[in-house]
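Q: pasting a predicted model and its sequence here:
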Amino acid sequence: MHEAGQPLSIETVDLGPLGPDDVLVKIGAASICHTDLEVLEGELRYPMPMVLGHEAAGTIAEVGGNVADLVPGDPVALHWNPHCGHCYYCDHGQPILCEPYTQNRAIGRHFDGEYRHSLKGKPLHMLMYLGGFAEYVIVPRQSAVKMPAGMPLDRACLLGCGVMTGFGAAAHVAPVQFGETAAVIGCGAIGLSAVQGARMKGAGQVVAIDLDDAKLEIAAAMGATATVNASREDAMARIKELSDGRGADAVYECAGSEKAFQDSVRMCRAGGQVVWLGKVNVDRDVAFKWGTLMGERKIVRSSYGGARPAEDFPALARAYLDGSLKLDEMITGRIPLDDINAGFDLLRAGKAIRTVVTFD
Ligand SMILES: NC(=O)c1ccc[n+]([C@@H]2O[C@H](COP(=O)([O-])OP(=O)(O)OC[C@H]3O[C@@H](n4cnc5c(N)ncnc54)[C@H](O)[C@@H]3O)[C@@H](O)[C@H]2O)c1
Ligand SMILES: [Zn+2]
Ligand SMILES: [Zn+2]
């Protein structure tokens, strides 16, 4: 990507050198997340030129001198929150806020201050330490999580952002309790994963809300006990009806719209939990009726759903392999890298859940 609003171009770049704590990964599959689109459209403003893509899986091609626990050929899913382990935030158990990570996330400079990728001799930025829309990437060793045998790479890549984020909201950030009512606003990959996380945590009811019937059908297949098309039906009234007038115990906002943020707090019962996962333009104001924020509601904005990738990714992969986590239904298309701009068009038009770019 050279400029916001312009199509991506496919170019040959230079890689290396491989640092002692790095791995070189041959990408097998990388899916397109809404966040990639936000960068492409200039809503998130990052330095250029940049390689997009942050949901990716592949095989280890080469390891740095200090890497003893991965070998060439190992299948890995990549995550986008490598962290230093010893800054103020890491010490406080908040790796997503790690200082060197947040300073470099939008740049892709590694922890030693150096770039690993370049274009015509100039630094090439890699979205979220990753840049997965490429045949090869160099990432810190900690970004690569070994996958269990039999996990297909085009499913493994989904774990990297959307699945982890939605699932983690319901499993880690605001875990729904056995028998409680969860509401999920927006049923893209993030919301469908929140639906599944809530179901796995034992929610008694999972109410999925979207504007698109096709997405709601998939949500029902993934464990939603009720679906609401908010373009036709009053979602607030339906939630109240399903919860003796109280509102949902936990609400997961996965739509990324002002209306969805406002609805999320209004749908939540007094004393309940709200997790915001979506985003709007970073410079935009979002207004709330103050009363909707009151009543002991716990409201949290989360990036990455409290991810603990080293534990969560293998567990999610095993859940896929034993049939309890559904991923196949999220893949609405597979395309070669040459068609990447068409893949973005599908997401822009609301016609894709996840389009996966597959590599030979
Ligand atoms: N927090 C994070 O770490 C993180 C990670 C990835 C994506 N995101 C954000 O999460 C959001 C969802 O991502 P996605 O990839 O699933 O996107 P997506 O576009 O595939 O899905 C969003 C869904 O929300 C629905 N929707 C839109 N407005 C709605 C409304 N008012 N009420 C009900 N449904 C509505 C759309 O129909 C769509 O199905 C985006 O804002 C994205 O930027 C956050
Ligand atoms: Zn840190
Ligand atoms: Zn993402």
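A: Sure, I can see it. These figures come from a predicted structure and were not determined experimentally. Numbers count the residues shown, from 1 in each chain. Ligands and ions are numbered 1, 2, ... in the order given.

Q: quick check: Ala182 is in a strand.
A: Yes: assignment of Ala182 by DSSP: H, G, I helix; E, B strand; the rest coil places it within a strand.

Q: when you give positions from now on, start the count at 26
A: Okay, using 26 as the starting number, the last item reads as Ala207.

Q: surely it is in contact with Glu278?
A: No: with contacts counted by Cβ atoms under 8 Å, Ala207 stays clear of Glu278, the gap being 11.9 Å. C-beta coordinates here come from the backbone N, C-alpha and C atoms, glycine included.

Q: got the residues of the stretch 176-325 of the chain near ligand 1?
A: 186-187, 190, 210-216, 234-237, 240, 255, 279-282, 284-285, 302-304 (Cβ under 6 Å from any ligand atom).

Q: run the last query once more with 8 Å
A: Proximity of the stretch 176-325 of the chain to ligand 1 is confined to 186-187, 190-191, 210-217, 234-237, 240, 255, 260, 279-282, 284-285, 288, 301-305 under the rule Cβ under 8 Å from any ligand atom.

Q: can you select the buried ones from the residues you listed in PyMOL?
A: What follows is the PyMOL syntax selecting those of those that are buried according to 16 or more other Cβ atoms under 10 Å:
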select buried, resi 186+187+190+191+210+211+212+213+214+215+216+217+234+235+236+237+240+255+260+279+280+281+282+285+288+301+302+303+304+305
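
Q: out of the residues of the stretch 176-325 of the chain next to ligand 1, which touch ligand 3?
A: By Cβ under 5 Å from the ion, the members of those lying near ligand 3 are Cys186.

Q: who touches stretch 86-104?
A: Residues outside stretch 86-104 that contact it (Cβ atoms under 8 Å, 6 or more residues apart in numbering) are 43-51, 53, 79, 81-85, 155, 157, 161-162, 164, 166, 168-172, 174, 176, 178, 181-182, 184-185, 189, 332, 334, 338, 342.

Q: just the buried residues of those.
A: 43-44, 46-51, 53, 79, 81-85, 155, 157, 161-162, 164, 166, 168-172, 176, 178, 181-182, 184-185, 189, 332, 334, 338, 342.

Q: and the helices in the protein?
A: Secondary structure of the chain (DSSP state H): helices located at 59-65, 113-116, 124-129, 178-183, 189-193, 214-225, 238-246, 260-267, 283-292, 315-318, 334-346, 365-373.

Q: what about the last one and ligand 3, touching?
A: No: in this structure, helix 365-373 remains apart from ligand 3 according to Cβ under 5 Å from the ion; the gap is never smaller than 11.3 Å.

Q: for that helix, packing partners?
A: In terms of contacts (3 or more Cβ pairs under 8 Å, 6 or more residues apart in numbering; DSSP states H and E), helix 365-373 is packed against helix 59-65, strand 356-360, strand 379-383.

Q: give me the contact list for it.
A: By Cβ under 8 Å, 6+ apart, helix 365-373 touches 32-33, 35, 57, 59, 61-62, 65, 158, 357-358, 360, 377, 380, 382.

Q: for the nearest residue to Pro74 once chain neighbours are set aside, give me its contacts.
A: Sequence neighbours aside, His27 is the residue nearest to Pro74 in space, at 5.1 Å (criterion: Cβ to Cβ, 6 or more residues apart in numbering). Counting by Cβ under 8 Å, 6+ apart, His27 makes contact with Ser34, Met73, Pro74.

Q: what's around the second one, how many residues?
A: Number of residues near Met73 (other Cβ atoms under 10 Å) recorded here: 13.

Q: and for the first one?
A: By the measure other Cβ under 10 Å, the count of residues near Ser34 is 10.

Q: what does the model give it for pLDDT?
A: Ser34 carries a pLDDT value of 97.

Q: before we move on, what about the second one?
A: According to the predicted model, the pLDDT of Met73 comes to 95.

Q: sorry, back to before: so can I have TSV of the helices and strands packed on helix 365-373 showing mean neighbour count and distance to Val201?
A: Listed next are those as TSV, based on neighbours: other Cβ atoms under 10 Å; distance: least, Cβ to Cβ, whole Å:
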stretch	mean neighbour count	distance to Val201
helix 59-65	21	24
strand 356-360	17	26
strand 379-383	23	24
